[in-house]
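> Show me the folded form of this:
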Amino acid sequence: MSFAVGLIAAVVFALLAPAMQFIARVQGWSLAPVILLAIAAVVSHLLGVLLGVLTLPQFRYWDAASIFGFGVMGYVFAFGAVYKSVSLDILLGLVDRPGRKAPLSDVVERQVPALFQGRTKILIDGGLVEQVDSRFAATEAGQIMAKRIGRLRHAFGIGDTGLYDFPD
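Numbers count the residues shown, from 1 in each chain. I've put the predicted structure just below:
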């Protein structure tokens, strides 16, 4: 039964996370989507533990947590795969066009700059980059973040341009 409690908590997370994302958009909250996912995970996990403790005389926390963790990680992985994906934005842009096709030059000249301007705005709004004349410069916070990301990439064995590009 503890596995069922974990599954229920994972379902609560799968319902709560998109609801929180929707509320954040409507209310204009400045919280990053990943923060909202973390809050939804903590809340649904605590509700699951509470449910298990109150309803099962022999509640097995780790059984419930394993199912919950698997469900949440699957959701987060899928969310991350489609959130801010440049490739998917290009695909969606093509599907919305008449005939569902466009010359590569049209995609490169019209759609790609807008995508990257959006990414740049995120960096500026986050205080990681600032515009200096016609150039961009990493702020002190941006430099610290870049060093952290570099250490994480190294720890995960991720090269400069992709997962299997290992520098000598």
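> for whichever strand or helix holds Ile149, what is the average pLDDT?
Ile149 is part of helix 140-155 when elements are defined by DSSP states H and E. Taken as a whole, helix 140-155 has a mean pLDDT of 88.
> That helix: how far from the chain's middle?
Relative to its chain's centre, helix 140-155 lies at 18 Å (C-alpha atoms, centre = their mean, to the nearest Å).
> again, but for stretch 122-133
20 Å.
> ok, back up a step: which positions within the helix holding Ile149 qualify as buried?
Gly142, Met145 (16 or more other C-beta atoms under 10 Å). Every residue, glycine included, has its C-beta placed from N, CA and C.
> Which strands and helices lie in contact with the lengthiest helix in the chain?
Within the chain, and with DSSP state H defining each element, the longest helix by residue count is helix 2-27. In terms of contact count using 3 or more C-beta pairs under 8 Å, 6 or more residues apart in numbering; DSSP states H and E, helix 2-27 is assigned the packing partners helix 33-55, helix 61-82.
> and Ile158, that one's in a strand?
No. Ile158 is assigned coil when assessed by DSSP: H, G, I helix; E, B strand; the rest coil, not a strand.
> Next one: it from Gln143, what distance?
Counting by C-beta to C-beta, to the nearest Å, the gap from Ile158 to Gln143 is 19 Å.
> What of Leu91?
34 Å.
> tell me the SS of the residue of the chain most remote from its centre?
Relative to the average C-alpha location in the chain, and by C-alpha atoms, centre = their mean, no residue lies farther out than Pro57, which sits at 36.9 Å. Following three-state DSSP, the label given to Pro57 is coil.
> Name the helix or strand for the residue lying closest to Val129 once chain neighbours are set aside, please.
Ranked by C-beta to C-beta, 6 or more residues apart in numbering and with sequence neighbours excluded, the top spatial neighbour of Val129 is Leu123, at 4.0 Å. Per DSSP H and E, Leu123 falls inside helix 112-125.
> now swap in Ser105 and tell me
For Ser105, the enclosing helix or strand under DSSP H and E is helix 104-106.
> Ok, Glu130 next?
Element membership of Glu130, judged by DSSP H and E, is strand 129-132.
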